[in-house]
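Trainee: What follows is a predicted structure for the sequence shown.
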Amino acid sequence: MYTFTYIAITILGAASYIVGVWKILKSRYSPSVFSRVVWVLLTINSFAGVILSKSSPASVLLGAILLAGNAAMCIVSFSKGTKEIGKLEYVCLFLLAISVIIWVFFRAPLVNLGISLFAHFIGAAPTYKKVWRNPASEDLTFWVLFFLASLLSVLISDFSSPKTILLPLYYTFFEGSMVVLVLRGFYKKPFLFSRNFFQFKSKGSI
C-alpha cells in the first residue's frame, strides 16, 4: 500500500513539472529567470529543513520532487524566460537570508522550513491576484497534479508532530487554493481534455 502511494506521489509530482517544463519549451509560459532562481534557493532551503527536522518519508519525497522540478524549470528558463526582477523576489531573498541566519546560529530546521514556506507564499501573491481576476490565466493540469501529490503525502504521513506533515500540508493548501480559483473559470463548461485545460500562460510559481 505504502509503496503504491509513494509511486503515485512521484508520478503525479513529476508529471506536474513535466507540464511546466513543456509549456516553457513551447513558449506558452515565460517565467522570470530571477524568480526561478529564487524558487530553487527556497526549495533547497525547504528540502534541507525537511531532512534535518526528520519529517515523514512522504514529506522528504515531496521535497525532493519540488527541488528537482524547480531546478528543471529554472534551467529551461535561462533560454526561454524573461529577465524581469520584481520587488517580491527581493523580499523572498531577504526572508531566505533570515532563515539561513537562524539555521546557522540556532540550528532550528523546523523554523527554517516555516520561514521558507512563508517566503514562498509571499512570492506567490501576484499569482493569486492574477488568477482571481482571470482564472483562465493559469494551467489547471499543473496545479491539480501537484495538489494530488501533496494530498497523498499528507494522508500517508504520521500526524504525531507538525514537523512530519508541514511541507505537504502547506502545498496541499497552496495548490488546492489555486485549483479552486482556476476552476471558477470552468464551472459553466466542461474542461477535462479541452484546450483550456492545458493553458499555462502565467508567470506564477510552485
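Mentor: Nice, I can see it.

Trainee: Tell me the helix or strand right after the helix or strand hosting L42.
Mentor: Per DSSP states H and E, L42 falls inside helix 33-52. Next helix or strand after helix 33-52 toward the C-terminus (DSSP H and E): helix 57-80.

Trainee: for this structure, where's the lowest mean pLDDT among helices and strands?
Mentor: Each helix and strand of the chain was given a mean pLDDT (mean pLDDT, DSSP states H and E); the minimum falls on helix 87-106 at a mean of 79.

Trainee: Taking helix 33-52 as reference, get the angle to it.
Mentor: 30 degrees (axes from the mean of the first three to the mean of the last three C-alpha atoms, to 10 degrees).

Trainee: If you count contacts, what does helix 87-106 end up packed against?
Mentor: helix 33-52, helix 109-123 (3 or more C-beta pairs under 8 Å, 6 or more residues apart in numbering; DSSP states H and E). From N, CA and C alone the C-beta is placed, and that goes for glycine too.

Trainee: who touches it?
Mentor: With contacts defined as C-beta atoms under 8 Å, 6 or more residues apart in numbering, helix 87-106 is touched by 32, 34-35, 38, 41-42, 45, 48, 108-109, 111-112, 115-116, 118-120, 122-123, 125-126.

Trainee: go again using 10 Å as the cut-off
Mentor: Residues from elsewhere that reach helix 87-106, judged by C-beta atoms under 10 Å, 6 or more residues apart in numbering: 32, 34-35, 37-39, 41-42, 44-46, 48-49, 52, 86, 108-109, 111-126, 205.

Trainee: and those residues, which are buried?
Mentor: 32, 34-35, 37-39, 41-42, 44-46, 48-49, 52, 108-109, 111-117, 119-120, 123-124, 205 (16 or more other C-beta atoms under 10 Å).

Trainee: how deep is F4 tucked in, by neighbour count?
Mentor: Neighbours of F4 under the rule other C-beta atoms under 10 Å: 8.
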